[in-house]
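[1] Take a look and give me a structure for this.
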Amino acid sequence: MLQPMPRIRPRSAALLGCAAVLAAALPPAAHAQTDPAADAPRVRWGLVIHGGAGTIRRAQMTDERAAEYTAKLTEALRAGHAVLVEGGSAVDAVVAAITIMEDSPLFNAGKGAVFTSSGTNELDASIMSGADLNAGAVAGVKRVKNPILLARAVMDGSPHVMFARDGAESFAEEQGLEIVEESYFYTESRMRALERAKEEAEQGGSAALRTESEKLGTVGAVALDRNGDLAAGTSTGGITNKLWGRVGDSPIIGAGTYASNESCGVSATGQGEFFIRNVVAYDICARVLYTGASITQATRTVIQERLVDQNVLGGVVVLGADGEIAMEFNTDGMYRGWIGPDGEVTVKMYADD
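    Alright, predicted model coming up:
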């Protein structure tokens, strides 16, 4: 096994359519705001997760389906909390929570990954430690059961930050991670989504990509442990009908994932190309560090102003070094939840929750 590179310590622990049409279509949360941090939840230590942002509406959600999502998000939160309550690290908690969601066909990550235009599943993931800015990421893997575990292995067991495709899978085998047949990731609902996307693409060009990306989302988690260390992670199957080899923001440190004890931890979901161009995850943390903005203020500015101005859809979950939580999105909904030291689980799905 390769030895990890020396870790860098932070310097200080203290330290497009018409915009009007999009704005009208956004949920009430995306419009005028009052005091942005007034009702923000806070924890001494805890975990916040998401299961993707997109077209998530009460009218289209059966009680049975809603119960399935609530149960799985609750399971993920409890898995991460179990690590933290025993004094485990934020990194371990993030991995525990994301692994649960990767193993569920409900989410677009791991088992539930969507299909590319060529009918394959290509998975991306990343993780970052806020204590030392160490990070690991993988892109385009097809046979690794849990990409978040491989991202963790890259962070801890290699001198690099990112591996892709065959190289990533070879490294996974060297690390003893579980390798599965590509058929493991097949689900009938995702194949039907690909077929619909192809039909829509024939009629309306690339619009089908955007439609599916709004319906299906990524998973992620951010944790703050008892030592005051942050960590963030993200895992995804990308977008339905994506071109072979496409990589979105989820494995890109600073775009879909970022964590620093000096400011905050972020995991993102949405239209990945634009999250890369806007370096969304890092932008939020930089605003906190350099302007003194609260987590909620910084997050809302990026998601509800900068991205909305560009007609970009998506959301983030954020946890600050001071324990402030933000779960911000500009879509109809986002699967999300959080848990603190008391073990009480909060799970939400819709914009008006």
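[2] what about the strands in the stretch 101-250 of the chain?
    When assigned using DSSP state E, counting those that start in this stretch, the strands of the stretch 101-250 of the chain occupy the ranges 123-129, 135-141, 162-164, 219-224, 230-236.
[3] Please state the mean pLDDT value computed over the last one.
    Read it as strand 230-236. Per-residue pLDDT values across strand 230-236 average out to 98.
[4] Can you list the strands that that strand pairs with?
    Partner strands for strand 230-236, per DSSP bridges, with pairing direction: strand 123-129 (antiparallel), strand 219-224 (antiparallel).
[5] can you redo these as TSV with mean neighbour count, mean pLDDT and distance to Ser158?
    Heads up, the C-betas are built off the backbone N, CA and C, glycines and all. Conversion of the strands paired with strand 230-236 to TSV gives the following (neighbours: other C-beta atoms under 10 Å; pLDDT from 0 to 100; distance: least, C-beta to C-beta, whole Å):
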stretch	mean neighbour count	mean pLDDT	distance to Ser158
strand 123-129	32	98	13
strand 219-224	34	98	22
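[6] what's the closest of those strands to Ser104?
    Among the strands paired with strand 230-236, strand 219-224 comes nearest to Ser104, with 8.9 Å by C-beta to C-beta.
[7] returning to what we had before: and the strands of the stretch 101-250 of the chain as a markdown table, adding distance to Val308?
    A markdown table is the format used below for those (distance: least, C-beta to C-beta, whole Å):
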| stretch | distance to Val308 |
| --- | --- |
| strand 123-129 | 25 |
| strand 135-141 | 28 |
| strand 162-164 | 30 |
| strand 219-224 | 21 |
| strand 230-236 | 22 |
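[8] Looking at the ones you listed, spot the one closest to Ile56.
    Closest of the strands of the stretch 101-250 of the chain to Ile56 is strand 219-224, at 14.0 Å (criterion: C-beta to C-beta).
[9] In contact with Asp322, which residues?
    42, 295 (C-beta atoms under 8 Å, 6 or more residues apart in numbering).
[10] Would it be right to say that it lies in a strand?
    No: counting by DSSP: H, G, I helix; E, B strand; the rest coil, one finds Asp322 to be coil, located in no strand.
[11] ok, now how distant is it from Thr116?
    From Asp322 across to Thr116, the span is 41 Å (C-beta to C-beta, to the nearest Å).
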